[in-house]
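Student: missing the sequence, but the structure's below:
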């Protein structure tokens, strides 16, 4: 057990718990439990908003998976990761003000509320809820595994123990503090992620003897590592560009991201968040993935990509600082996991339970149910994570692709095209989800582009065609009366 | 009624799309424009291959500047309060 590394991590955890309890105090004194627990009372300011967006999005993939792949494939993967820069500004600009206005008009707390208000259809609500629960489960499992593996590699504890420790830590502050705890801890975690990236980048460059030195080492090993095409020359421009959709603009369709566009106080906050978000997302993505490549000459021969980042950190930094920096991926994972957990919980409690099971639930009942649902989901994910899959990063991308294929057009068209109706929405969601799952299982990456591109195209046309068709049908039947 | 606010929101959404397109063209152009040659013949800026430096590092900085300028000068502050809606109706 390397205590010098673990102690800073424990201090970090302590701060996080404290925030959880503080947020719980806010909960007790608020008027609307639901708004407060699931949306922070719509009070997020600019800096917190930017950090929670970034922290929610940046997860195990950004801190462990991504650098691991960059280690193997070279600068071409860093190039690919820069597609994520758009996430910093695109989501808030496109969803931005219109979404905030409409969400307040529908009194929406969740994405499903928004969709319900817009389309007035129970089918939309149910299909959305099912999609969220399935795909977010996949995503959460991936993150949970990542967190456990991190603890495992740091402390030497067996995987299951590490998993348990990780789960308990996250569950405590999420269950108790709700969304506000999530957003605030995201802020702390975001700062840690940024600081960790900068420190590690500088330390790695120094340890490697400077950038020129590292580049010539890489060139000597395999010149392709420093080209945009990847070590095996398998990163084609088309394939890499198609990632702009799945991790660049498509992110607008992810419920955990779009719900944050409903949660801020005012325009000023949103404006700040766009600028801050772009800077922080860009810095972390560029920094972490570049670190993965630079690590290669320093610690050659690592087989499992996920081990690159923890190994490198302990190699190039003194133990105490290594502990602080390793809090970064821990922070990234926790901040993603807590957002997902809150989201799935909100879906079950608000969109299913209150909508269909017990419309007149009292505030006290809602509280109790929210706590229980969040706990049960957390535990269920732990059970899933007990036998970890090998491919975390791909599981995560599967979840992203699925959610984006389902939600992107109902949300975007719902906001900007008045002609869109519930038939268009439901059919595009089903086509999106169906085609994504089929293509992912049987014909992945068709035409050399990422799997998600075709379903998004298909669901777009479905939305437009079905909406127009049903509009025309209704016009005809009105005319015939 | 809410038309004024929606016009603002629509405009900003389009600006977002335009920025992404600019971002993409810069990123793609420098990466594949400069990076497609023989790696042994690469030029380097500050130790990094030119294609990478210009596409990823400078590209990042350029976007930060563009986003900041856009938000500061092209984006408008708008109230979200439901009360303002009712005021505009009367």
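Tutor: The structure has been received and is ready for your questions. Source: prediction; values computed, not measured. Numbers count the residues shown, from 1 in each chain, chains lettered A, B, ... in the order given.

Student: For the rest of this, base every contact and every neighbour count on C-alpha atoms.
Tutor: Fine.

Student: shaky segments in the stretch 51-200 of chain A?
Tutor: Within the stretch 51-200 of chain A, the set of residues satisfying pLDDT under 70 comprises A:60.

Student: Residue in it with the shortest distance to chain B?
Tutor: residue A:94 (4.0 Å; CA to the nearest CA).

Student: Spatially, which residue comes closest to that residue, not counting chain neighbours?
Tutor: residue B:13 (4.0 Å; CA to CA, 6 or more residues apart in numbering or on different chains).

Student: quick one, what contacts that neighbour?
Tutor: Shown in contact with residue B:13 (CA atoms under 8 Å, 6 or more residues apart in numbering or on different chains): A:93, A:94, A:95, A:96.

Student: Output those residues as a markdown table; include the columns secondary structure.
Tutor: A markdown table is the format used below for the contacts of residue B:13 (DSSP: H, G, I helix; E, B strand; the rest coil):
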| residue | secondary structure |
| --- | --- |
| A:93 | helix |
| A:94 | helix |
| A:95 | coil |
| A:96 | helix |
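
Student: so which of those comes closest to residue A:410?
Tutor: Proximity of the contacts of residue B:13 to residue A:410 (CA to CA) peaks at residue A:95, which lies at 12.4 Å.

Student: OK, contacts around the closest one?
Tutor: Here residue A:95 is in contact with A:252, A:258, A:261, A:412, B:13 (CA under 8 Å, 6+ apart).

Student: Would you check how far apart it and residue A:408 are?
Tutor: Using CA to CA, to the nearest Å, we find residue A:95 at a distance of 11 Å from residue A:408.

Student: before we move on, the earlier item: thought the residue of the stretch 51-200 of chain A closest to chain B was touching residue B:19?
Tutor: No. With contact defined as CA atoms under 8 Å, residue A:94 and residue B:19 do not form a contacting pair (10.9 Å).

Student: ok, the most centrally placed residue in chain B - contacts?
Tutor: Centroid-nearest residue in chain B: residue B:19, 3.4 Å away (criterion: CA atoms, centre = their mean). Contacts of residue B:19 were listed using CA under 8 Å, 6+ apart, and they are residue B:67.

Student: before we move on, back to that, are any of the contacts of residue A:95 buried, and which?
Tutor: In the contacts of residue A:95, burial by neighbour count holds for A:252, A:258, A:261, B:13, counting by 16 or more other CA atoms under 10 Å in any protein chain shown.

Student: Going by distance to residue A:23, which of those wins?
Tutor: Nearest to residue A:23 among the buried ones among the contacts of residue A:95, with distances taken as CA to CA, is residue A:261, at 20.6 Å.

Student: shouldn't residue A:180 be in contact with residue A:33?
Tutor: No. The pair residue A:180 and residue A:33 fails to qualify as a contact (CA under 8 Å) at a distance of 11.5 Å.

Student: shared neighbours of residue A:95 and residue A:408, which are they?
Tutor: residue A:252.

Student: Report the helix of chain A that spans the greatest number of residues.
Tutor: helix A:159-207 (DSSP state H).

Student: I'd like to know which elements it is packed against.
Tutor: Counting contacts by 3 or more CA pairs under 8 Å, 6 or more residues apart in numbering or on different chains; DSSP states H and E, helix A:159-207 packs against helix A:3-28, helix A:33-39, helix A:46-57, helix A:122-155, helix A:267-298, helix A:308-316, helix A:319-346, helix A:363-385.
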